[in-house]
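**Q** output the structure for:
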Amino acid sequence: MSRILVPFRGEGAGIGEMTWAQLGIWKTMVATGQSMNIGGTVPVAPGTTVEDMVKLLRVLVGRHQALRTRLRHRPDGPPQLVVCDAGEVPLEIVDVTAHAEPDPETAAGALRRRYETDPFDYETEWPVRLGLVRLDGILTHMVLIYCHVAVDGFGIDAVVRDLPNLDNPSAPVSGLTPLEMTAKQHTPAGKRQGEKSLRYWEQHLRAIPALRFGTSDDPREPRYWELTRRSPAMHLAMQAIAHRTGAGVGYILLAAYAVGLARRTGINPSMAQLVVSNRFRPGCGDSVSQLAQLSICVIDVADTTFDEVVARAWNAATNAYMHGYYDPLALDDLLTRVRAERGDFEISIIVNDRRTQMGPPPLEAAPTPADLESALPRATTWWNRKVHVLDAALNISVDAAPGAVDLTICADTHRLGPDAIEALSLEMERVLIDAAFDPAAPTGVRGLPAELHA
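**A** Coordinates of the predicted model:
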């Protein structure tokens, strides 16, 4: 392996507090001991040279303050942001040869795993890692991984949208920088926004059922198990419901989660913490930064139809999105105060729909009952990681797959055993299949007095 130090220079340097979103993801990383690095591997276009990639790295880091920000640890509080206007960032090159091990794809996979799993040295390392695989002198793969404190998934999309400026590095940079964002959050107007979000949180924290899961009869070690179900039938059922209701598939999936969990646990209303992009806020759409925060979402699913739950999911999620902007330390204080006053409660559930096409499908693409029937046998299920710590007792992620969706459920087996994890995935699928062509499909969840859940 060879290494090139790429010099960069950009506008703006300074020291500031972490933004609310940065502080939130930092707290999660500290609590779980996981780096949560994000990025991926892409094939390199034919004819791309090392010099081209040096230019890419130099311009991107120079243009975006988030990519030249390191952390300064303090004994009496969270780290501070330190934005530098110049420095050198390494670019690594892994050389492989034809008819020898490893092949380029294997070498790229190994490099990605190392970049993803090795924690960043937050005080001395720049928050971007770029590596190349070169086969007999020809570049084949690029591995690009970011520190999650620096950017979220939408921040990476903003980096991609900025690529046309590689040949015009002095062009204005769109979107707020982390230093600008933290300054806004500490203004009176910013503090009022955060306080409004916390009032929304408190309203739900005082009203939701305290219990959610109970105790599993099949606890395992490592404690957290992850399962993925790839389901063409779920994909088609969501498309059919979207055509009928006009709702986006993201809200339909959220409704299926809410009904499925209530069926399995007997607890209503269902709740989850949703990942809020905050990209709709002024100056945030094209910001290369970390902006994602969690917001509580509560959906009543009892004694009604699934179509009505879809409408409720839209309303509940919209409220959650509008109130996912707050100081995480202030939320910690709120949780402590409410627990002291009403007793403990379970809210450790995260639902993250990572699909990019979330709206209703084109009208001409409506599936038929025959399409759905033929898709049912094509579902596959497999177990993934088993880890000792996780950021939630139940973490549900949804990703697009070719002609299907990947529903991934990672849960604390001390609360939901392996059979219960798989049963929840099947329940969510069944909810959607039952409602695909039936606007009157009931949720099958009965309303119970709130005191029974206390």
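
**Q** and stretch 370-389, what's buried?
**A** For stretch 370-389, a neighbour-count test (16 or more other CB atoms under 10 Å) marks 371-372, 375, 379 as buried. For every residue, glycine as well, the C-beta is placed using N, CA and C.

**Q** kindly report the same for stretch 414-427.
**A** 414-418, 420-422, 424-427.

**Q** for the stretch 301-450 of the chain, what spans make up the strands?
**A** Counting by DSSP state E, counting those that start in this stretch, the stretch 301-450 of the chain has strands at residues 349-353, 380-387, 394-401, 404-412.

**Q** report all helices and strands that the first one contacts.
**A** Packing partners of strand 349-353 (3 or more CB pairs under 8 Å, 6 or more residues apart in numbering; DSSP states H and E): helix 249-265, strand 270-276, strand 394-401.

**Q** okay, it in CSV with CA atoms only?
**A** The C-alpha trace of strand 349-353 is given here as CSV (Å, rounded to 0.1, in the frame of the first residue of the first chain):
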residue,chain,number,x,y,z
ILE,A,349,-37.2,2.3,19.3
ILE,A,350,-35.8,3.8,16.1
VAL,A,351,-37.5,3.5,12.7
ASN,A,352,-35.3,4.7,9.8
ASP,A,353,-36.7,4.5,6.3
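
**Q** okay, the angle between that strand and helix 249-265?
**A** 150 degrees (axes from the mean of the first three to the mean of the last three CA atoms, to 10 degrees).

**Q** so what touches strand 349-353?
**A** With CB atoms under 8 Å, 6 or more residues apart in numbering as the test, strand 349-353 has contacts from 212, 250, 253-254, 257, 271-275, 294, 297, 391-398.

**Q** now find how far off-centre stretch 261-279 is within its chain.
**A** Put simply, stretch 261-279 sits 15 Å off its chain's centre (CA atoms, centre = their mean, to the nearest Å).

**Q** about what we covered before: ChimeraX command for the buried members of the contacts of strand 349-353?
**A** A single ChimeraX command selects the buried members of these (16+ other CB under 10 Å):
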select :212,250,253,254,257,271,272,273,274,275,294,297,391,392,393,394,395,396,397,398
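
**Q** ok, which stretches of the stretch 151-300 of the chain are helices?
**A** With DSSP state H, counting those that start in this stretch, the ranges of helices along the stretch 151-300 of the chain come out as 153-161, 178-185, 188-205, 232-245, 249-265.

**Q** any idea which of the ones you listed is most buried?
**A** helix 249-265 (a mean of 26; mean count of other CB atoms under 10 Å).

**Q** average model confidence for that one?
**A** Helix 249-265 carries an average pLDDT of 97.

**Q** on contacts alone, who are the packing partners of it?
**A** On a contact count with 3+ CB pairs under 8 Å, 6+ apart, helix 249-265 meets helix 232-245, strand 270-276, strand 293-299, helix 306-322, strand 349-353, helix 418-435.

**Q** max pairwise distance over the buried residues of stretch 370-389: which two?
**A** Based on CB to CB, the longest span within the buried residues of stretch 370-389 runs between Asp371 and Ala379 and measures 14.2 Å.

**Q** so where is the chain shaky, pLDDT-wise?
**A** 357-364, 448-454 (pLDDT under 70).

**Q** swap the cut-off to 50 and go again
**A** Within the chain, the stretches with pLDDT under 50 are 450-454.

**Q** quickly run through the sheet partners of the longest strand belonging to the chain, with directions.
**A** Counting residues, the longest strand found in the chain (DSSP state E) is strand 86-96. Partners of strand 86-96 in the sheet, by DSSP bridges, are strand 2-9 (antiparallel), strand 128-135 (parallel).

**Q** so which of those strands is nearest Leu166?
**A** That would be strand 2-9 among the strands paired with strand 86-96, by CB to CB, at 13.1 Å.

**Q** list the buried residues for that closest one?
**A** So, applying 16+ other CB under 10 Å, buried residues of strand 2-9: 4, 6, 8.

**Q** and that strand, how far from the chain's centre?
**A** 30 Å.

**Q** equivalent analysis for stretch 172-184, please.
**A** 22 Å.

**Q** for stretch 204-223, same thing?
**A** With CA atoms, centre = their mean, you get 22 Å for stretch 204-223.

**Q** and that stretch, what's buried?
**A** Buried residues in stretch 204-223 (16+ other CB under 10 Å): 204-205, 208-209, 212-213, 216, 223.

**Q** dump the helices and strands packed on helix 249-265 to a markdown table, plus distance to Pro282.
**A** Converted to a markdown table, these look like this (distance: least, CB to CB, whole Å):
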| stretch | distance to Pro282 |
| --- | --- |
| helix 232-245 | 30 |
| strand 270-276 | 15 |
| strand 293-299 | 16 |
| helix 306-322 | 14 |
| strand 349-353 | 24 |
| helix 418-435 | 36 |
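
**Q** what's the closest of the ones you listed to Pro188?
**A** That would be helix 306-322 among these, by CB to CB, at 19.5 Å.

**Q** identify all contacting residues around stretch 393-402.
**A** 213, 230, 235, 253, 257, 272, 346, 348-357, 405-412, 415-416.

**Q** from Val276, how far out is the spatially most central residue of the chain?
**A** Among the residues of the chain, Asn352 comes closest to the average C-alpha position under CA atoms, centre = their mean, at 5.5 Å. Taking CB to CB, to the nearest Å as the measure, Asn352 and Val276 are separated by 10 Å.
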